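> No letters, just coordinates:
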Ligand SMILES: [Cu+2]
């Protein structure tokens, strides 16, 4: 039993019964509940309790997507394309599953030439990276200096949370694989580093 979840629900129920100050997560629900006649309140609570069950038995959400086709990408038949406009020029990318620009799970690879550098940036979602070949150097947090970077050889897997500042260098031609749930986005710490901004100016 998840103790945190139980205490959160207990807390919510206590506030609902008293119609106290709105509970942070559910202010709209609280307002509706407080506006109801006391006789209809128990039925409303029962309905709330059944909502998660309805979700499980209903249509799969964006996070539960089952593949309807298949894909086998041996290294020789991966179709590389020019990297996205959001990354410095010189990289190539290949979507192996899904579409990183759309809702739903995706797996993509990025091929970086020797010396490639991705300036300090964040993502709105967890980043999950597997180093397939070559070497990636990663600096995170407040010290985004190459001298503070951690060397990640082929075979490394790493993940870091949404919003965490990081920057990467690539030593020798390097391939990394990124998987996650789209849409995938990159936000540069310094807007001048964003190649999409450079394109707009003459
Ligand atoms: Cu990143």
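Yes, it's here. If you're wondering where the values come from, they're calculated on a predicted model, not measured in any experiment.
> quick one: contacts for the residue lying closest to residue 131 once chain neighbours are set aside?
Spatially, and ignoring its direct neighbours in sequence, residue 131 is nearest to residue 156 (4.4 Å; C-beta to C-beta, 6 or more residues apart in numbering). C-beta coordinates here come from the backbone N, C-alpha and C atoms, glycine included. The contact partners of residue 156, taken as C-beta atoms under 8 Å, 6 or more residues apart in numbering, are 129, 130, 131, 136.
> Which members of those residues are classed as buried?
For the contacts of residue 156, a burial check counting by 16 or more other C-beta atoms under 10 Å picks out 129, 130, 131, 136.
> For the contacts of residue 156, could you give me a markdown table that also reports distance to residue 47, secondary structure and pLDDT?
Formatted as a markdown table, the contacts of residue 156 follow (distance: C-beta to C-beta, whole Å; DSSP: H, G, I helix; E, B strand; the rest coil; pLDDT from 0 to 100):
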| residue | distance to residue 47 | secondary structure | pLDDT |
| --- | --- | --- | --- |
| 129 | 42 | strand | 98 |
| 130 | 43 | strand | 98 |
| 131 | 48 | strand | 98 |
| 136 | 50 | strand | 98 |
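> tell me the centre residue of this structure?
Central residue of the chain (C-alpha atoms, centre = their mean): residue 125, 2.6 Å from the mean position.
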